[in-house]
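Asks: 3D, please:
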Amino acid sequence: MDNRSASLHSDIDTVLNNYDYDFAEVEIAVLGNGHINNTYKLTTPEVEFVLQQINHDVFPKTAELSSNAQKINLHLQRQKNIGNYPLSIPQQILSKTGETYSKVGTNYWRLMEFISNSYTLEEVESPEQAALVANAFAEFSCTLSDFPVEELAVIIEDFHDISFRMRQLNEAVENDLQDRLSSCQTLVNFCLDQQDFINHVIDISKKLPLHVTHNDTKINNLLFTEGDTPCAVIDLDTCMPGLLMHDFGDMVRTCCSNLAEDDTNIDAMIIKLDIFSALIQSYQNAFGTKMSALEKDSLIVGTKSVPFSLGTRFLTDYLNGDSYFQVSREKHNLDRAFNQIQLFILLCEAEPELIKLAMQA
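Replies: Predicted coordinates:
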């Protein structure tokens, strides 16, 4: 065992001492492929757990993060107990002192229930599967529609604020810290020229009600059971007050392109309209009358604004020297930016068809 592994096991042993369970015999295995938090599966002779080390560089509000998750889980459990929520809720395990997290040195950890025989998927493979994904995330926010959102902390300030993202881009362009502007001037100009769209996003955002939103609605943030049936929504780190259009837009962004978000072959990009149709119809139907007409209209806006905003964030990070998103090759963030802006362009071009599909719900 190398020094790093020994230190990790020592930290985990210290964390587990904070809980009222017998961890004398425990197997530890890496769980999932997340890029932010370190997550492990713990197996004892009696029970299985998930142990997660929260990345407090990305999530400095670690106490608020676990508090948000606790409030959400307890509300969902109450609704499940009276038959109003169909999915499982992996609860956080409280420490001996009643805390939702444990701190060892400068690191924050939390222990959670593990749902036996569950697994994650990385890609939506059919319209039927897309409908299940949209329904699960919609059930999550819909069941929380009567939760007082003001009780949740904002974990990442201005996360979906398009004005903030454009200010960041303008600042990066003005400073040009890495002398990279000349290599992406055309893309920068295109983004800055979208002011009419940006104004529309700002205007509609002011009129929409806040919900408890997940803010990372990828398929791999669902657990599935046999038959690829969703059984739980997981990874509540970014749950906070937000708009439904952003949750839906992120689903479309991650499910409806035929390319990975860093694929450079953007001329081959297409929108999977059959997947989009399944997503929007299932999402709207799950909410029923709890979604207003304006919120339904906003879903199409979110479909476009999420890849546009993320594209500008990738572009900003490229100009600033790749200080936020992890990169594995030269111009990786620029490739991502081109990819996401191409997705935005295709979604704008397809908007009449998207609206027609949305009206079929």
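Asks: Please give the element, helix or strand, for residue 241.
Replies: Applying DSSP states H and E as the criterion places residue 241 in strand 240-242.
Asks: residues in contact with that strand?
Replies: By C-beta atoms under 8 Å, 6 or more residues apart in numbering, the residues outside strand 240-242 that reach it are 68, 149-150, 152-156, 159-160, 210-213, 215. C-betas here are computed from N, CA, C, even on glycine.
Asks: Helices along the stretch 1-150 of the chain, start to end?
Replies: 3-16, 62-81, 127-143 (DSSP state H, counting those that start in this stretch).
Asks: highest average neighbour count across those helices?
Replies: Highest mean neighbour count among these (mean count of other C-beta atoms under 10 Å): helix 127-143, with a mean of 22.
Asks: Hey, what's the angle from it to helix 62-81? Just curious.
Replies: If you take axes from the mean of the first three to the mean of the last three C-alpha atoms, to 10 degrees, helix 127-143 sits at 100 degrees to helix 62-81.
Asks: How far does the next helix or strand after helix 127-143 sit from its chain's centre?
Replies: For helix 127-143, the following helix or strand on the C-terminal side (DSSP H and E) is helix 162-175. Centroid displacement of helix 162-175 relative to its chain, using C-alpha atoms, centre = their mean, to the nearest Å, is 23 Å.
Asks: So for the longest helix seen in the chain, what gets flagged as buried?
Replies: Longest helix in the chain by number of residues (criterion: DSSP state H): helix 293-320. The neighbour-count check on helix 293-320 (16 or more other C-beta atoms under 10 Å) flags 295-296, 298-320 as buried.
Asks: Show me what that helix packs onto, helices and strands only.
Replies: Contacts defined by 3 or more C-beta pairs under 8 Å, 6 or more residues apart in numbering; DSSP states H and E place helix 293-320 against helix 162-175, helix 185-192, helix 195-207, helix 244-255, helix 273-287, helix 332-349, helix 351-358.
Asks: got the contact list for the closest residue to residue 139 other than its chain neighbours?
Replies: Using C-beta to C-beta, 6 or more residues apart in numbering and skipping the chain neighbours, the partner closest in space to residue 139 is residue 286 (5.8 Å). Residues near residue 286 by C-beta under 8 Å, 6+ apart: 134-135, 138-139, 142.
Asks: Let me know the closest of those residues to residue 333.
Replies: Proximity of the contacts of residue 286 to residue 333 (C-beta to C-beta) peaks at residue 134, which lies at 29.1 Å.
Asks: okay but residue 178 is in contact with residue 316, surely?
Replies: No - applying C-beta atoms under 8 Å as the test, residue 178 and residue 316 come out as separate, 11.8 Å apart.
Asks: A helix includes residue 212, no?
Replies: No - read with DSSP: H, G, I helix; E, B strand; the rest coil, residue 212 is strand and lies in no helix.
Asks: what's the spacing between it and residue 143?
Replies: Per C-beta to C-beta, to the nearest Å, residue 212 is found 9 Å from residue 143.
Asks: Then residue 51?
Replies: For residue 51, the distance to residue 143 - C-beta to C-beta - is 27 Å.
Asks: next one: residue 344
Replies: Distance from residue 344 to residue 143, by C-beta to C-beta: 31 Å.
Asks: ok, now residue 53?
Replies: Distance from residue 53 to residue 143, by C-beta to C-beta: 29 Å.
Asks: Check what pLDDT the residue nearest to residue 139 gets.
Replies: For residue 286, the pLDDT comes out at 96.
Asks: ok so, going back, please work out which of the helices and strands packed on helix 293-320 is packed deepest.
Replies: Each of the helices and strands packed on helix 293-320 was scored by mean neighbour count; the highest is helix 244-255, a mean of 26, by mean count of other C-beta under 10 Å.
Asks: neighbouring contacts of that helix?
Replies: Residues from elsewhere that reach helix 244-255 (C-beta under 8 Å, 6+ apart): 124, 130, 133-134, 137, 141, 160, 204, 208, 211, 213-219, 261, 272, 275-276, 279-280, 283, 287, 291, 295, 298-299, 301-307, 310, 340, 343, 347.
Asks: Pick out the residue nearest the middle of the chain.
Replies: The centre of the chain sits closest to residue 216, judged by C-alpha atoms, centre = their mean, with a distance of 1.0 Å.
Asks: Which helix or which strand is home to the closest residue to that one other than its chain neighbours?
Replies: Among residues not flanking residue 216 along the chain, residue 238 sits closest, at 5.1 Å (C-beta to C-beta, 6+ apart). Residue 238 is part of no helix or strand when elements are defined by DSSP H and E.
Asks: I figured residue 238 hits residue 159, correct?
Replies: Yes - if you go by C-beta under 8 Å, residue 238 and residue 159 touch, sitting 7.2 Å apart.
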